[in-house]
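Engineer: Sequence below, structure please.
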Amino acid sequence: MNFEEGFPDRFTRNTDVYFSVDVETDGPIPGRFSMLSFALVYAGAFDGKTFFKPKKYERSFYCEIKPIFEEFEPEAMQVNGLDRAKLLQSGLTPNDAMNQASKWIEETTGKGEPVFVAYPLSFDWSWMYWYFVQFSNTGSPFGYSRCFDIKTAMALSLGKTVRSVGRKRIPNVLKSQSPHTHHALDDAVSQAEIFANIFKLESGK
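Structural biologist: Just a heads-up that it's a prediction; the model follows:
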């Protein structure tokens with residue numbers, strides 16, 4: 001496998017186009033609690049032979065959303081640092097947020113296949129999939145299964161258990177240079193860097 005920096009001239013139908021995704025919420029599960037913000041960052045592309053790493057993670061989409069349920073957990077709000085009352089006034093409606101995100105993904109992907117990337121995948125995927133199905137006019141741009149779990153890939157690449165590759169145990173060779181701040185855009189960039197480092201590690205084997 002080859003590893004190159006830069007943006008491919010064009011994406012074909014055989015190209016995976018990766019989007020690092022991070023969400024901030026006011027509780028543990030969708031359908032009962034609300035997603036308050038999310039970010040998507042173009043994280044690279046792979047055509048089966050070459051992984052193309054962005055030189056900078058500048059292609060991104062970020063928005064903050066109106067809460068849709070009254071229930072929330074104070075502990076979650078302490079983590080994400082968002083102002084729930086303010087979002088009720090100024091946040092995008094879920095319909096606007098998910099439709100705008102779908103359009104941005106489509107424009108960025110072109111003829112390629114968009115793939116959802118997260119660390120760990122299960123939490124962010126469950127929220128985004130639920131919101132896309134509920135509120136986007138076109139459903140999920142990632143289908144029901146086009147996704148990549150960074151945590152699992154890391155465990156396989158390093159020959160470690162899933163339990164042993166938590167955020168506090170990421171080896172230096174894979175660490176991101178960007179901080180994990182619990183702001184969705186910051187964290188999506190950090191994930192994208194870890195994701196690229198895994199591909200780089202694999203290309204050198």
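
Engineer: C-alpha from now on. contacts and neighbour counts both.
Structural biologist: OK.

Engineer: what helix or strand does Gln191 sit in?
Structural biologist: helix 184-203 (DSSP states H and E).

Engineer: What are the buried residues along that helix?
Structural biologist: 184-200 (16 or more other CA atoms under 10 Å).

Engineer: cool, and stretch 34-49?
Structural biologist: 34-47.

Engineer: so which of the residues you listed would you say is closest to Glu70?
Structural biologist: Set against Glu70, the nearest of the buried residues of stretch 34-49 by CA to CA is Ser34 (8.6 Å).

Engineer: That closest one contacts Thr25, correct?
Structural biologist: Yes: Ser34 lies in contact with Thr25 (CA atoms under 8 Å); the separation is 5.8 Å.

Engineer: low pLDDT regions in this structure?
Structural biologist: In the predicted model, the chain carries pLDDT under 70 at residues 205.

Engineer: Give me the distance from the longest strand seen in the chain to the chain's centre.
Structural biologist: Longest strand in the chain, counting residues (DSSP state E): strand 35-46. In this view, strand 35-46 has its centroid 4 Å away from the chain centroid, taken as CA atoms, centre = their mean, to the nearest Å.

Engineer: how big is the angle separating that strand from helix 184-203?
Structural biologist: 30 degrees (axes from the mean of the first three to the mean of the last three CA atoms, to 10 degrees).

Engineer: May I have the secondary structure class of the spatially closest residue to Gly110 that is not a sequence neighbour?
Structural biologist: The shortest distance from Gly110 to any non-neighbouring residue, by CA to CA, 6 or more residues apart in numbering, is to Phe11 (6.5 Å). Using DSSP: H, G, I helix; E, B strand; the rest coil, the structure places Phe11 in coil.

Engineer: How much space separates Phe11 from Pro114?
Structural biologist: According to CA to CA, to the nearest Å, Phe11 stands 11 Å off from Pro114.

Engineer: Tell me which of the two has more neighbours.
Structural biologist: Legend: neighbour count by other CA atoms under 10 Å for Phe11 and Pro114, higher for Pro114 (23 against 19).

Engineer: so the helix or strand the more buried one falls within versus helix 184-203, what angle?
Structural biologist: For Pro114, the enclosing helix or strand under DSSP H and E is strand 113-118. Relative orientation of strand 113-118 versus helix 184-203 (the same axes, to 10 degrees): 110 degrees.
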